[in-house]
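Novice: Next come a sequence and a model predicted from it.
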Amino acid sequence: MKNRSTMLLAVLPVLACYTLLPGARAVNPAPDGCYPNFTTAEGCNALGFLTTGSANTALGWGALFADSTGNFNTGVGAGALMLNNADSNTAVGVAALLLNTSGTQNTAVGTDALVFNDSGSSNTATGTFALMNNTTGGSNTAIGWEALMANTIGVNNVALGTLPLSSNTNGNNNTAIGNLALENSMNTSDHVAIGRLAGSGITTANNNIIIGHHNGVHSRFGEEDNVCYIGNIWGANVDDMGGIARVVLVDPDGRLGTVAVPVGGNPSKSSPKGMQPKAIPDAASQAMLDLKVQNLRATVAQQQQQIETLTAQLKENAAQIQKANAQFEMNKPRAKVVVNKP
């Protein structure tokens, strides 16, 4: 951050030189405020305490009022960044980032967006009351009316829509996309919810993936950790692809794939195009069994190869032993007959 600030400070004087070139055109009448250190201020008490801060722009009553040494800030709107004395914040809207003092690299667009932020950094809030109650939480992104409105210290959250994650206070690493997505989640973490009302009934569970309209209230599973919900699949019709269906399987890594299975049976009112209700589960079980058999065959083949190798080694060892015995017999001294004389 320091290096970037130094680079920007080096670039600004070069740009300023262009405004001083002979023949440079200016607006007529000239701006009423041409202040040093690349400063622009317009409005009652805007940048009222500025001393050494550079490249600040304040437009509106009290905008950047308390800033003295902060740099690269833009405050547009009554009270925008009013108490700020940090760097690289952008606030557009009445009371946007109003109480920020030391937080850096925040962007707030909308009335009361990030209004209570104090030292939280790297937040982006776009929408009226977006991240309104955030104080120290950082790296949050809230886009939409009252998105992440209750968040105070939670970090790394993403909310997109109307009222997504609006009750979250200190939960972390959540992603909510859709109106009212994860609306009632207060301090849970590691959710991904996509769709209107997706996960809106979750209050205590963690680490869930919810895709589609699923508020969790009517689920027979209740609130569980580490669960994936996907809507509009159960009971939906599928095309049997001319008698062949593809069954979705999930491997231990969470990767999804399909296996082709035949679709048999007589047509029924409840089964589209003759697909029996148990066809897919049976086919999935058969596919898993086939995989086990394939793995078992591979293991047997490997063991058979090992046995053949060991057998060959034993035969070679036996031949060597036989050869050694033959040589021993040839080199063995002959027996002598001793005759005792009287």
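Specialist: Yep, that arrived.
Novice: Residue ranges in the stretch 201-342 of the chain under the pLDDT threshold?
Specialist: By pLDDT under 70, the weakly predicted segments of the stretch 201-342 of the chain are 214-222, 240-241, 263-284, 286-287, 332-342.
Novice: Which parts of it are helices?
Specialist: With helices called from DSSP state H, counting those that start in this stretch, the stretch 201-342 of the chain shows them at 279-331.
Novice: Next: the stretch 1-150 of the chain.
Specialist: So, for the stretch 1-150 of the chain - with DSSP H, counting those that start in this stretch - the helices run 2-19.
Novice: give the contact list for E146.
Specialist: Neighbouring residues of E146 by CB atoms under 8 Å, 6 or more residues apart in numbering: 127-130, 132, 162-163, 166. In this view, the C-beta of every residue, glycine as well, is placed from N, C-alpha and C.
Novice: which of these tops the neighbour count?
Specialist: For the contacts of E146, the largest number of neighbours (other CB atoms under 10 Å) sits with A130, at 33 neighbours.
Novice: Could you report the separation of it from A150?
Specialist: Look at A130 and A150: by CB to CB, to the nearest Å, they are 11 Å apart.
Novice: So for those two, which residues contact both of them?
Specialist: With CB under 8 Å, 6+ apart, A130 and A150 have no common neighbours.
Novice: For T175, grab phi and psi.
Specialist: Phi and psi for T175, reported as degrees, to the nearest 10, are phi -130, psi 120.
Novice: okay, now it: neighbour count?
Specialist: Using other CB under 10 Å: T175 sits among 20 other residues.
Novice: Verify the contact between it and H191 for me.
Specialist: Yes. T175 is in contact with H191 according to CB atoms under 8 Å; the separation is 7.0 Å.
Novice: Contact partners for L83?
Specialist: By CB under 8 Å, 6+ apart, L83 lies in contact with 65-66, 98-101.
Novice: same deal with T141?
Specialist: Applying CB under 8 Å, 6+ apart, the residues near T141 are 123-124, 157-160.
Novice: mind running it again at 7 Å?
Specialist: Remark: with contacts taken as CB atoms under 7 Å, 6 or more residues apart in numbering, T141 is in contact with 124, 158.
Novice: ok, which pair from the contacts of E146 is furthest apart?
Specialist: M132 and T162 (14.3 Å; CB to CB).
Novice: what sits against S285?
Specialist: So S285 contacts nothing (CB under 7 Å, 6+ apart).
Novice: That one and T258: what is the separation?
Specialist: 15 Å.
Novice: Please apply the same query to G79.
Specialist: G79 is 57 Å from T258, by CB to CB.
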